[in-house]
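> After the sequence you'll find the predicted model.
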Amino acid sequence: MGLSQDGSHGMRTSIFSQSPNPFIEGTLGAMHRDFATWFEQATREVAGLMSAAFDQAGIIDSAHNLASSGLRDGATIVREFLAHSETGLAYDHLRYMISEADLRVSDDCMCWLRSIALELGLPSNDDLA
């Protein structure tokens, strides 16, 4: 396979890394492309907010809301769920991260989360963000 104009060998790359995008090329490829994009964008925003929350928190004792399991590595957990076609679990984990860390996501992120919920046939509850 030759290089495309962008030098990518014709493969899409994820906004998370320069590796092939598993959401579009792999397990979610058969699903609506917007659905995969919503997950990518929401995960990217939540991961950035989570990283900032950890940076600002300093020392985190066991009583701190950021001491909860699955927050520091939450984006990785979401990606692993998606890689195994566990979209419902990926969505639940994103919502858990937002709620547990009391993150304030953008209106765009709320729209992506609502769209994911509708695609999954879940209620779109805005109480957590």
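Thanks, I have it.

> Show me what the lengthiest helix in the chain is packed against.
Counting residues, the longest helix found in the chain (DSSP state H) is helix 33-57. Other helices and strands packing on helix 33-57, by 3 or more CB pairs under 8 Å, 6 or more residues apart in numbering; DSSP states H and E, are helix 22-25, helix 74-83, helix 87-100, helix 107-120. Using the backbone N, CA and C atoms, a C-beta is placed for each residue, glycine as well.

> That helix: which residues count as buried?
Buried residues in helix 33-57, defined by neighbour count with 16 or more other CB atoms under 10 Å: 35-43, 45-47, 49-50, 53.

> Need the helices and strands packed on helix 33-57 in a markdown table (columns: mean neighbour count, distance to Ala57 and mean pLDDT).
As requested, those are exported to a markdown table (neighbours: other CB atoms under 10 Å; distance: least, CB to CB, whole Å; pLDDT from 0 to 100):
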| stretch | mean neighbour count | distance to Ala57 | mean pLDDT |
| --- | --- | --- | --- |
| helix 22-25 | 19 | 30 | 44 |
| helix 74-83 | 19 | 15 | 93 |
| helix 87-100 | 20 | 13 | 93 |
| helix 107-120 | 17 | 21 | 93 |
